[in-house]
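K.L.:
just a sequence and a predicted model for now, questions to come.
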Amino acid sequence: MTSDVEITAVREAHRFDEAALARYLAANLDGFEGTLQVGQFEGGQSNPTFHLTSNGRRYVLRKKPPGDLLPSAHQVDREYRVMTALAESGVPVPRTHILCQDDGVIGTAFYVMEMVEGRVLIDPLLPSFSADERRALYDHFIEVLAKLHGVDYEAVGLGDFGRAGNYYTRQIGRWTKQYVASQTEDIPEMEALMEWLPANIPDSDQTTVVHGDYRIGNCVLHPTEPRIAAVLDWELSTLGHPLADVAYCCMGYHSATGTGDSFRGQDLAAMGLPSEQQFLDRYCALSGRDGIENWNFYLVFSLFRSAAIVQGVYKRGLDGNASSDRSKQFEGFCRARAGWAWALVDR
């Protein structure tokens, strides 16, 4: 598997009883046998992710991080549930194997899923791709997003996966609380956004399954073809407003993402990358939507939410329980994203 994500030895802060895990899997996972070997994926900043091998078979384990955690964060059971529910939906997801919510096994709740072969590429500009490959991949990327938003969540058993309606009111409240709980400095733009956003919510209450962190870096790409083999990292998924996902995908047109290069200043047409308007037009065509009103609000909300998330990552790095050693590099990211969001308010 060609990947931007490195598999390393398990970091000291995330070590667990591997023998206890092996015993649990041998007793509860069909087909598991042999000597267990464990490595850790370096990518990701929230739930630690591990590479398991045993008797020639490969698996992926996701677990809650150790230490004191923010309220409502790191809900691996929700990740497991939504991927399991989407298995036959046409949305490409890894096959789930087992969920363990007994902290007594390895210290925190975890789940095991299949290891999907393919490429994990962090940079959304995809420098190793040709223009035609980028064009094809982004078209499929948008198609998968529209397909997710078209899932009948009641029919797949996700009717109680979140609350229908008032999505932005609840999300603004949630991320305001998360930001305040992880705050390390005063950022006037965040304070301003926490006042502006609740007062400017559009009158639109459409409800779908939303991913919450949908980006190229959270997808396994087919080993050789420009298409998505599996969508990963469902920790932030819920029932919500679909344009939150769409705006999240479009933040790179207005800011540096922090996980790759910005789309700003790039010759998108020459690179085979969609412009923001082309992205929106393609999504609207696939989802049956007749344009998007109040687009600026959705962008501002996504940048605010992203700012709150990276602040939490940075705080976990300071506290020593982040899932990646890179978390301390997120210093200043919250301030930058809040600045970009407030600039859109003033635009």
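P.N.:
Structure's in. What do you need? Computed from a predicted structure; not experimentally measured.
K.L.:
now do the strands in the stretch 101-250 of the chain.
P.N.:
110-114, 208-210, 219-221, 228-231, 238-240 (DSSP state E, counting those that start in this stretch).
K.L.:
list the contacts of residue 184.
P.N.:
311, 314-315, 318 (CB atoms under 8 Å, 6 or more residues apart in numbering). C-betas here are computed from N, CA, C, even on glycine.
K.L.:
nearest to residue 224 among these?
P.N.:
The shortest gap between residue 224 and any of the contacts of residue 184 belongs to residue 314, at 36.9 Å (CB to CB).
K.L.:
and the gap between the closest one and residue 184?
P.N.:
Noted for residue 314: a distance of 7 Å to residue 184, by CB to CB, to the nearest Å.
K.L.:
correct me, but residue 275 touches residue 264?
P.N.:
No: contact criterion CB atoms under 8 Å: residue 275 and residue 264 do not qualify, at 11.5 Å.
K.L.:
give me the common contacts of these two.
P.N.:
In contact with both residue 275 and residue 264: residue 253, using CB under 8 Å, 6+ apart.
K.L.:
checking the nearest residue to residue 251 once chain neighbours are set aside next. Helix, strand or coil?
P.N.:
In this structure, residue 251 finds its nearest non-sequential neighbour in residue 302, 5.5 Å apart by CB to CB, 6 or more residues apart in numbering. With DSSP: H, G, I helix; E, B strand; the rest coil as the basis, residue 302 sits in helix.
K.L.:
also residue 343?
P.N.:
Look at residue 343: counting by three-state DSSP, its state is helix.
K.L.:
so, low pLDDT: which residues of the protein?
P.N.:
Filtered on pLDDT under 70, the chain yields the residue ranges 1-4, 43-46, 67-74, 257-261, 321-328, 347.
K.L.:
just the helices from the chain, written as ranges.
P.N.:
If DSSP state H is used as the criterion, the helices of the chain fall at 18-28, 76-85, 103-106, 131-149, 167-182, 188-196, 242-249, 268-271, 276-287, 295-319, 333-346.
K.L.:
ok, residues contacting the second one?
P.N.:
Under the criterion CB under 8 Å, 6+ apart, residues 47, 62-64, 93-94, 96, 99, 101, 109-111, 113, 156-158, 161, 209, 233-235, 237-238 lie in contact with helix 76-85.
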